[in-house]
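Asker: Just need the structure, nothing else, for what follows:
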Amino acid sequence: MASLFPKKPNKHISKLYLITLISILCTFSYLLGLWHNSPTNAISSKDFTAANGGGDCPHLNSTSKSTVQSSPTKPITNLDFSAHHHLSDPLPTTARAFNAPPCNVSLSEYTPCEDVQRSLKFPRENLIYRERHCPEANEVLKCRIPAPYGYRIPFRWPESRDSVWYANVPHKELTIEKKNQNWVRYEGERLKFPGGGTMFPRGASAYIDDIGALINLKDGSIRTALDTGCGVASWGAYLLSRDILAMSFAPRDTHEAQVQFALERGVPALIGVIASIRLPYPSRAFDIAHCSRCLIPWGQNEGIYLTEVDRVLRPGGYWILSGPPINWQRHWKGWERTTESLKVEQNAIESVAKSLCWKKLKQREDLAIWQKPKNHIHCKKSQRIFKNRPFCEKQEPDKAWYTKMDTCLTPLPKVKGIRDVSGGKLANWPQRLTSIPPRISSGSLEGITAEIFKENTDLWKKRVAYYKTVDYQLAERGRYRNLLDMNAYLGGFAAALVDDPVWVMNMVPVESEVNTLGAIYERGLIGTYQNWCEAMSTYPRTYDFIHGDSVFSLYQNRCKMEDILLEMDRILRPQGSVILRDDVDVLLKVKRIADGLQWDTRITDHENGPLQREKILLAVKQYWTAQPTDQD
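Answerer: Predicted coordinates for the structure are as follows:
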């Protein structure tokens with residue numbers, strides 16, 4: 001007994017008793033709770049099946065509030081997964097997506113701002129009726145311009161330079177009118193372009209060689225050219241193989257479809273005329289300007305047309321003239337002109353050129369070449385003596401959107417020495433593309449520095465490389481030829497594609513904070529100004545590819561998004577592509593409208609990943625044409 005009940009208590013045994021007691025109490029509490037929350041009578045499988053509508057596989061109906069009953073005193077709690085908040089269906093008018101029906105086939109070549117019928121309302125004096133005259137807001141078409149029946153994807157460059165499908169531009173007028181001058185010939189399903197012209201019967205290439213014998217076309221000092229009254233743009237077409245990029249223009253109705261032919265060939269061109277408003281280019285843009293029997297009265301109206309050429313010609317640039325009145329002593333009979341009238345015309349041109357301080361460089365046979373001075377130091381001195389053409393005062397030389405032309409002389413930027421080039425000397429091509437444009441290095445473009453220019457160039461190399469991974473057609477060499485950049489800024493998109501067989505029309509919106517088009521030209525690229533609330537001065541189906549960076553953010557609250565997209569649809573070829581980059585909310589709105597245009601669209605991530613708000617919309621215009629007619 002003494003060993004069973006020792007005087008000193010066993011601490012280990014006391015702890016064991018305590019743990020055992022706690023365990024028993026916890027187990028009892030758990031069982032009590034389980035019994036308290038459980039049904040007293042089990043439900044048979046038969047009852048369960050009956051309660052849920054029968055069938056071999058019992059299941060719960062989530063919309064039923066009480067499908068299974070338990071004890072009378074303790075009902076089973078059933079979870080209700082049905083929705084209790086409902087949004088009413090939208091009205092049919094708001095639910096319907098944007099839809100633009102096809103236009104009538106008679107509008108297959110509709111150019112809204114150069115419409116021939118509308119132009120008749122304006123004065124014929126100084127060719128004002130041939131300038132841009134856009135429709136009012138209530139006149140803007142809300143339909144899709146059809147391609148003509150039989151339209152086919154154009155030939156790839158360089159084959160397109162010499163051949164286009166007749167069905168794409170079904171016009172034979174020039175094949176008859178210019179039959180003996182080798183502008184264009186009709187052969188079966190094709191239109192052929194032999195490269196001839198009124199003043200170059202041996203072909204455009206031989207004509208350019210004649211120019212090259214007078215000025216240097218090979219050292220890269222000449223990169224950008226302006227062709228006034230371009231015809232079918234054969235001069236510009238054959239300059240491309242010499243790394244010279246020409247901007248060609250001609251009026252809408254001088255010869256039927258001449259600019260349309262140029263664009264179908266894959267040659268840069270715009271509808272335009274030199275009349276009463278400035279050409280839509282910045283000052284000091286072109287290395288050479290050219291007129292081959294363009295029939296512009298250069299010596300008339302105080303020389304205003306030649307004064308406008310002076311504005312867009314860079315310091316040291318050349319103006320080339322062939323055709324009347326050059327070499328009139330030889331051609332006056334063929335031109336059906338009198339020798340007196342031709343002599344008067346040439347004297348007038350010589351006088352205007354002298355008042356602009358141009359130097360007549362050379363005249364050989366049918367070619368005459370003048371050169372603009374590199375600065376205006378001597379010119380200002382002579383103007384004080386002769387006072388025959390005053391310099392413009394308080395003028396914005398780069399402003400050229402519905403801006404009236406002047407007869408005064410646009411002053412060049414000041415220089416320190418007589419040998420200095422006004423505005424800064426340009427590097428030769430191809431170094432010109434990546435060199436800092438003088439407008440930037442001089443600080444004349446507010447907020448744009450040399451560092452920003454370099455960063456922008458590198459950025460667009462990265463972006464274009466990414467584009468080619470998401471748009472295989474852009475990556476396919478030769479698939480595209482005519483490209484449009486709707487908001488070019490510094491031309492980085494075009495610069496990144498310089499090694500591809502493409503050309504890019506760089507558009508600088510007039511609403512942009514900084515006018516950068518002059519810097520784009522200083523890079524050796526081409527472009528023009530544009531207000532995207534209006535139509536572009538070009539024919540339908542001009543471009544194979546359209547790019548736009550933040551265009552729709554720029555035009556929010558300025559004009560309707562669907563009008564801009566309808567204009568894009570007008571100038572885009574069937575099966576052409578679009579890449580737009582913008583804020584995701586903006587692109588979602590664009591996508592809804594683009595789907596209504598029957599584009600195939602998708603939105604993809606920014607090149608830096610999915611966490612960026614800026615996204616990229618890819619779209620392809622479907623192939624469709626007008627229905628055949630009896631004439632077809």
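Asker: and Ile616, how many neighbours?
Answerer: A total of 22 residues lie near Ile616 under the criterion other CB atoms under 10 Å. C-beta coordinates here come from the backbone N, C-alpha and C atoms, glycine included.
Asker: What score does it have for pLDDT?
Answerer: Note for Ile616: predicted pLDDT of 98.
Asker: That one belongs to a strand, doesn't it?
Answerer: Yes - under DSSP: H, G, I helix; E, B strand; the rest coil, Ile616 sits within a strand.
Asker: gap between it and Lys374?
Answerer: Using CB to CB, to the nearest Å, Ile616 is found at 44 Å from Lys374.
Asker: Give the rounded mean pLDDT of whichever helix or strand Ile440 is part of.
Answerer: Assigned by DSSP states H and E, Ile440 belongs to helix 438-441. If you average the pLDDT over helix 438-441, you get 98.
Asker: can you give me the offset of stretch 230-243 from its chain's centre?
Answerer: 21 Å (CA atoms, centre = their mean, to the nearest Å).
Asker: Quick check: end-to-end length of it?
Answerer: End-to-end distance of stretch 230-243 (CA to CA, to the nearest Å): 19 Å.
Asker: What strand or helix carries the residue lying closest to Ala269 once chain neighbours are set aside?
Answerer: Spatially, and ignoring its direct neighbours in sequence, Ala269 is nearest to Ala262 (3.9 Å; CB to CB, 6 or more residues apart in numbering). Using DSSP H and E, Ala262 sits within helix 258-264.
Asker: So what touches that helix?
Answerer: Helix 258-264 is touched from outside by 109, 154, 160, 164, 168-169, 171, 174, 184, 191, 193, 230-233, 236-237, 248-250, 252, 268-271, 482, 538-539, 542, with contacts defined as CB atoms under 8 Å, 6 or more residues apart in numbering.
Asker: Export that helix to PDB, keeping only CA atoms.
Answerer: Only the C-alpha atoms of helix 258-264 are listed here, as PDB (Å, rounded to 0.1, in the frame of the first residue of the first chain):
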ATOM      1  CA  GLN A 258      -2.800  60.200-114.700                       C
ATOM      2  CA  VAL A 259      -2.100  60.400-110.900                       C
ATOM      3  CA  GLN A 260      -4.100  57.200-110.500                       C
ATOM      4  CA  PHE A 261      -1.800  55.500-113.000                       C
ATOM      5  CA  ALA A 262       1.300  56.700-111.000                       C
ATOM      6  CA  LEU A 263       0.000  55.300-107.800                       C
ATOM      7  CA  GLU A 264      -1.100  52.000-109.300                       C
END
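Asker: Now find how far off-centre that helix is within its chain.
Answerer: 18 Å.
Asker: which element follows that helix toward the C-terminus?
Answerer: strand 269-271.
Asker: That next one - contacts with which helices or strands?
Answerer: When contacts are defined as 3 or more CB pairs under 8 Å, 6 or more residues apart in numbering; DSSP states H and E, strand 269-271 sits against strand 245-250, helix 258-264.
Asker: how close does the closest residue to Tyr281 other than its chain neighbours get to Gly424?
Answerer: Nearest residue to Tyr281 in three dimensions, chain neighbours excluded: Val312, at 5.0 Å (CB to CB, 6+ apart). The gap separating Val312 from Gly424 is 17 Å, by CB to CB.
Asker: More neighbours: which of the two?
Answerer: Neighbours were counted for Val312 and for Gly424 using other CB under 10 Å; Val312 has more, 24 against 19.
Asker: mind checking pLDDT for Lys172?
Answerer: The model's pLDDT for Lys172 equals 89.
Asker: Arg185 is in contact with that one, correct?
Answerer: No - counting by CB atoms under 8 Å, Arg185 is not a contact partner of Lys172; they are 10.0 Å apart.
Asker: how about the helices in the stretch 251-400 of the chain?
Answerer: 258-264, 304-312, 328-331, 339-355, 377-386 (DSSP state H, counting those that start in this stretch).
Asker: ok so, going back, do me a favour and average the pLDDT over the helix holding Ala262.
Answerer: Per-residue scores along helix 258-264 average to 95.
Asker: can you pull the contacts of the closest residue to Val105 other than its chain neighbours?
Answerer: Nearest residue to Val105, sequence neighbours excluded (CB to CB, 6+ apart): Ala626, at 3.9 Å. Applying CB under 8 Å, 6+ apart, one finds that Ala626 lies in contact with 102, 105, 108, 146-149.
Asker: All the strands of the stretch 51-200 of the chain, in order from the start?
Answerer: 163-165, 185-187, 190-192 (DSSP state E, counting those that start in this stretch).
Asker: Buried residues, stretch 130-146. List them.
Answerer: Across stretch 130-146, burial judged by 16 or more other CB atoms under 10 Å covers 130-134, 140-141, 144-146.
Asker: Same check on stretch 612-632?
Answerer: Neighbour counts using 16+ other CB under 10 Å place 614-621, 625-626 of stretch 612-632 among the buried residues.
Asker: how about Pro146, what does it touch?
Answerer: By CB under 8 Å, 6+ apart, the contact list for Pro146 reads 102-103, 105, 107-108, 624-626.
Asker: for the protein, which spans come out with low pLDDT?
Answerer: Residue ranges of the chain with pLDDT under 70: 1-14, 34-97, 630-632.
Asker: Swap in 50 and give it another go.
Answerer: Scanning the chain for pLDDT under 50 picks out 1-8, 39-74, 93-96.
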